[in-house]
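Student: Show me the folded form of this:
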Amino acid sequence: MKIGIGSDHAGFKYKEKIKFFLLQAGHEVIDYGTDSEEPVDYPVYIHPVAEAVAQAGVERGIVLGGSGNGEAITANRVKGVRCVLCWSVETARLGRQHNNANVISIGQRMISEELALEIVKVWLETPFEGGRHQRRIELIDELS
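Tutor: Coordinates of the predicted model:
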């Protein structure tokens, strides 16, 4: 799978760990930055990930920051993106099953590195259930 990834300075460490994990699992990764822990403004690095997902340049996206909140907000401003903020395996699983989340946001300051990697793994492996959930996604798109 082709996956876009981006972070600000507060998510940089996990971005690098997740990128390595994805490459080891055989995925293609497009890194939209940042490239260090030097302070930056997260929208500059998150918006390109969301745009790539919306335009089918990548199949899915992962965005990271300190809390993940601003990153999720930024990603969700792009039409066609369904970004869920994940802080547990269950939020990742439900984000895929019920919301067909094509982007996840993770807060490096909120969870352990091990949990972040497990969240990514579950999110990638979980299929969308469709059915009544598809109707709701169509309503989101229609009303947006």
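Student: pretty sure residue 123 is touching residue 103, no?
Tutor: No. Contact between residue 123 and residue 103 fails when scored by CB atoms under 8 Å: they sit 9.7 Å apart. (Each C-beta comes from the backbone N, C-alpha and C, glycine too.)
Student: neighbour-wise, which of those two wins?
Tutor: Remark: of residue 123 and residue 103, residue 103 carries more neighbours, 28 against 22, as counted by other CB atoms under 10 Å.
Student: need the contact list for that one.
Tutor: Residue 103 sits next to 49-50, 53, 60-63, 75, 81-84 when contact means CB atoms under 8 Å, 6 or more residues apart in numbering.
Student: now the strands: where do they sit in the chain?
Tutor: Ranges of strands within the chain are 2-7, 28-31, 60-65, 83-85, 103-107, based on DSSP state E.
Student: would you list those strands in a markdown table and tack on mean pLDDT and distance to residue 17?
Tutor: Formatted as a markdown table, those follow (pLDDT from 0 to 100; distance: least, CB to CB, whole Å):
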| stretch | mean pLDDT | distance to residue 17 |
| --- | --- | --- |
| strand 2-7 | 98 | 11 |
| strand 28-31 | 98 | 12 |
| strand 60-65 | 98 | 10 |
| strand 83-85 | 98 | 19 |
| strand 103-107 | 99 | 11 |
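Student: Can you lay out the ones you listed as a markdown table showing distance to residue 14?
Tutor: Compiled in a markdown table, these are given as follows (distance: least, CB to CB, whole Å):
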| stretch | distance to residue 14 |
| --- | --- |
| strand 2-7 | 7 |
| strand 28-31 | 13 |
| strand 60-65 | 5 |
| strand 83-85 | 14 |
| strand 103-107 | 6 |
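Student: For residue 45, which of those strands is the nearest?
Tutor: When the strands of the chain are compared for distance to residue 45 using CB to CB, the nearest one is strand 2-7, at 4.2 Å.
Student: Go ahead and name everything in contact with the helix or strand bottoming out on mean pLDDT in the chain.
Tutor: Counting by mean pLDDT, DSSP states H and E, the chain has its least confident helix or strand at helix 132-143, which shows a mean of 93. By CB under 8 Å, 6+ apart, the residues outside helix 132-143 that reach it are 79-80, 82, 97-100, 128.
Student: try 7 Å
Tutor: 98, 100 (CB atoms under 7 Å, 6 or more residues apart in numbering).
Student: Many thanks, we can stop here.
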